[in-house]
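Undergrad: no sequence for this one, just the structure:
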């Protein structure tokens, strides 16, 4: 069989195929379709050895004979019938050798030895001609010529005397004469009338070898081929069936694309509603900017995220008790350790979406364990609403999974009322298909175990979801699926996470765990981080000042002159100028990157709007436009991601530079 593996093909500087693969089995008939310029004819030239693939591998059995239409314009000065018969290369070779032997035997004064050798060779050639049934070749050639519209008078007409269109027919007839294992035809119905096309359809339908045919004639392809090979976007895609079957599959794909567009549009509408709902809250707290940016980014990438293979939802509770949890003057300390919390009072209301922030060791995980009842306070009261269901995810829960169990067994152990089929159906939505569902958990990665724990929470249908670093070990698709599920969840949410985008996109208030307290932070995540950086900077300055004061106390008796206020102001001004000079290049670059992000975001928003238009999918001729828009969308998204990474890197570099200047 013919096999192409990850081939790459260029026409000059234009890439026609990139990492493309296909397989053609013996006897298989495949129609090659694609827009003009995608590389159909170039692919044929490469298969015939007239050029080569720039990368990848082609496997073609050495014994396979190839039949094809010669592209040379100059035809030899022979009769049309003889020209067509030479298409059978084996017949042509043997006939030529037979003629040479006969001519040799007709030579006068030929030695007895040479005559004997020529007679023996002629006998062998007659045997070979009988083996290939050479006596049928003239009849076959006449059949081909007559089928393609020639009459008997044309058989003896010299080939070069025919006009252009008839020359093409002659070359096609010559190609069909070859008893090939693989026949390659490039637009064979060009220059044929309807009768000749009908005949060719019948002839090719009964052709025993493999066939690759380039054609834009739908009816012809329907009658001849059993597979369609599409060249599009530098790739090769094979469809089973004739062209009508391919069109049905493409129509179904376009319908699916329309459904996807509707899904994307619905997702965008949900996000816009989500933005509007929480933007109002954020504006009251003067924390709109970063929140709106984070949610706007979700809106922009929604079309790509809609393709995520993981899709699940947290069922929104019909009724949420309010308040859900109340902390009243809670005190807690681990044995032989300082007090972790002192007189903590907080209330969790229905619908609250809280990000729990604080430095490592401040007590975030401890606070959560107190809330869910894993820890008992030393004093004070934790009041939980009657019937409150809490879905709790933490890294230590992954470790509680029994390694020898399968996901189904783990599900049944946790929810004994389920049947095995119900458990199998449910976890299937979390990427645990038939094969993975039967494997033991010890074979799973950390991300797969985390996904299984999330499945348990989803099944519990909680009023309150508590997530302690849920994205550790999760891949991008799983993270996106979790984020989307939480966006639609109407219950309460408490989250600890180092993922800034996840926090900024899902929560609307922050509880700050610090100095043995849990307090509401009045600001967004950016403000919290800026405050933390400012606090660290202030601490460093205080330490520096303490060192200077100590040094000054030691040198009070020294004759060193103290700088007057004017000199101090001059020094401060010089320091500011130095700081501006050092940071100006980075500041300028950041501004340029921000402008690029704005421009790219506008382009992406326009493309998303066009792809979300349902009328785009109503026109059957729009498939090429849809493909082009999707390609543009992916290209712009990748460019925007790259610019954002550059912007973040510059911001980090600027912060580090400012800290370095301040430390000096």
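TA: Good, I have the coordinates. Small disclaimer: the values here were computed from a predicted structure and weren't measured.

Undergrad: unless I'm mixing things up, residue 190 is touching residue 169, no?
TA: No: contact criterion CB atoms under 8 Å: residue 190 and residue 169 do not qualify, at 9.8 Å. C-beta: built from backbone N, CA, C; applies to glycine.

Undergrad: more neighbours, those two?
TA: residue 169 (25 against 13; other CB atoms under 10 Å).

Undergrad: can you tell me how far that one sits from residue 150?
TA: Applying CB to CB, to the nearest Å, the value for residue 169 to residue 150 is 7 Å.

Undergrad: let me see the contact set for residue 51.
TA: Going by CB atoms under 8 Å, 6 or more residues apart in numbering, residue 51 touches 42, 45.

Undergrad: for this protein, what helix or strand is lowest in average pLDDT?
TA: Using mean pLDDT, DSSP states H and E, helix 288-305 stands out as the lowest-scoring helix or strand of the chain, at a mean of 48.

Undergrad: tell me the mean pLDDT for the helix or strand following that helix?
TA: Per DSSP states H and E, the first helix or strand lying C-terminal to helix 288-305 is strand 325-333. For strand 325-333, the mean pLDDT works out to 92.

Undergrad: output the contacting helices and strands for strand 325-333.
TA: Contacts defined by 3 or more CB pairs under 8 Å, 6 or more residues apart in numbering; DSSP states H and E place strand 325-333 against strand 339-348, helix 364-372, strand 379-384.

Undergrad: if we use 6 Å, what do you get?
TA: Using 3 or more CB pairs under 6 Å, 6 or more residues apart in numbering; DSSP states H and E as the contact test, the elements touching strand 325-333 are strand 339-348, strand 379-384.

Undergrad: ranking those strands by burial, who's on top?
TA: Across these, averaging neighbours per residue (mean count of other CB atoms under 10 Å) puts strand 339-348 on top, at a mean of 17.

Undergrad: that older thread, and residue 592, which of the helices and strands packed on strand 325-333 is closest to it?
TA: When those are compared by CB to CB, strand 339-348 sits nearest residue 592, at 44.4 Å.

Undergrad: distance from the chain centre to whichever helix or strand comes after that closest one, please.
TA: Sequence-wise, the next helix or strand downstream of strand 339-348 (DSSP H and E) is strand 353-357. Distance of strand 353-357 from the chain centroid (CA atoms, centre = their mean, to the nearest Å) equals 32 Å.

Undergrad: same check, this time on stretch 407-419
TA: Chain-centre distance of stretch 407-419: 34 Å, with CA atoms, centre = their mean.

Undergrad: oh, and call the first residue 604 from now on, that's how I've got it
TA: New numbering, starting at 604: the last item is stretch 1010-1022.

Undergrad: for it, which residues meet the burial criterion?
TA: For stretch 1010-1022, the neighbour count (16 or more other CB atoms under 10 Å) marks 1010-1015, 1021 as buried.

Undergrad: and which of the residues you listed is nearest residue 1232?
TA: Closest to residue 1232, out of all of those and judged by CB to CB, is residue 1010, at 39.3 Å.

Undergrad: verify the stated contact: the closest one with residue 1030.
TA: Yes: in this structure, residue 1010 is within contact of residue 1030 by CB atoms under 6 Å, at 5.2 Å.

Undergrad: just send the buried residues of stretch 1010-1022 back as a markdown table, with distance to residue 1254 and secondary structure too.
TA: Converted to a markdown table, the buried residues of stretch 1010-1022 look like this (distance: CB to CB, whole Å; DSSP: H, G, I helix; E, B strand; the rest coil):
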| residue | distance to residue 1254 | secondary structure |
| --- | --- | --- |
| 1010 | 42 | helix |
| 1011 | 47 | helix |
| 1012 | 48 | helix |
| 1013 | 43 | helix |
| 1014 | 44 | helix |
| 1015 | 49 | helix |
| 1021 | 49 | coil |
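
Undergrad: next, the residue nearest to residue 695 when sequence neighbours are not counted: phi, psi?
TA: Leaving aside its sequence neighbours, residue 695 sits nearest to residue 689 (CB to CB, 6 or more residues apart in numbering; 4.2 Å). Note on residue 689: backbone dihedrals following degrees, to the nearest 10 are phi -70, psi -10.

Undergrad: the one 10 residues further on now?
TA: Main-chain torsions, residue 699, degrees, to the nearest 10: phi -60, psi -40.

Undergrad: residue 679 versus that one, what's the distance?
TA: For residue 699, the distance to residue 679 (CB to CB) stands at 13 Å.

Undergrad: now for residue 1045: which residues touch it?
TA: residue 1006 (CB atoms under 6 Å, 6 or more residues apart in numbering).

Undergrad: where's it relative to residue 1012, distance?
TA: Separation of residue 1045 from residue 1012 (CB to CB): 12 Å.

Undergrad: what do these two both touch?
TA: With CB under 6 Å, 6+ apart as the test, residue 1045 and residue 1012 reach no residue in common.

Undergrad: can you list the low-confidence ranges for the stretch 754-903 of the chain?
TA: Across the stretch 754-903 of the chain, the ranges flagged by pLDDT under 70 are 796-797, 854-903.

Undergrad: can you show me the strands along it?
TA: For the stretch 754-903 of the chain, the strands defined by DSSP state E, counting those that start in this stretch cover 785-789, 813-817, 830-835, 838-843.

Undergrad: need those strands in TSV (columns: mean neighbour count).
TA: Shown next, in TSV, are the strands of the stretch 754-903 of the chain (neighbours: other CB atoms under 10 Å):
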stretch	mean neighbour count
strand 785-789	21
strand 813-817	23
strand 830-835	20
strand 838-843	16
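
Undergrad: tabulate those strands in TSV, adding columns for distance to residue 800.
TA: Shown next, in TSV, are the strands of the stretch 754-903 of the chain (distance: least, CB to CB, whole Å):
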stretch	distance to residue 800
strand 785-789	12
strand 813-817	12
strand 830-835	19
strand 838-843	23
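
Undergrad: residues contacting residue 951?
TA: Taking CB under 6 Å, 6+ apart, we find residue 951 in contact with 927-928.

Undergrad: wait, doesn't residue 682 sit right on residue 762?
TA: No: Residue 682 lies out of contact with residue 762 (CB under 6 Å); the separation is 7.2 Å.

Undergrad: neighbour count: these two, which is higher?
TA: Comparing residue 682 with residue 762 by other CB under 10 Å, the one with more neighbours is residue 762, at 22 against 15.

Undergrad: just give the closest residue to the more buried one, not the sequence neighbours.
TA: residue 678 (4.0 Å).

Undergrad: would you map the helices across the stretch 1104-1253 of the chain?
TA: 1128-1157, 1168-1214, 1226-1266 (DSSP state H, counting those that start in this stretch).

Undergrad: worst mean pLDDT among the ones you listed?
TA: In terms of average pLDDT, helix 1128-1157 trails the rest of the helices of the stretch 1104-1253 of the chain, at a mean of 66.

Undergrad: okay, the residue in the chain sticking out farthest from the centre: pLDDT?
TA: Centroid-distance maximum for the chain: residue 712 at 78.7 Å, with CA atoms, centre = their mean. For residue 712, the model assigns a pLDDT of 82.

Undergrad: related to what we said a few turns ago, would you reformat the buried residues of stretch 1010-1022 as a markdown table and include pLDDT?
TA: Listed next are the buried residues of stretch 1010-1022 as a markdown table, based on pLDDT from 0 to 100:
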| residue | pLDDT |
| --- | --- |
| 1010 | 87 |
| 1011 | 90 |
| 1012 | 89 |
| 1013 | 89 |
| 1014 | 89 |
| 1015 | 90 |
| 1021 | 87 |
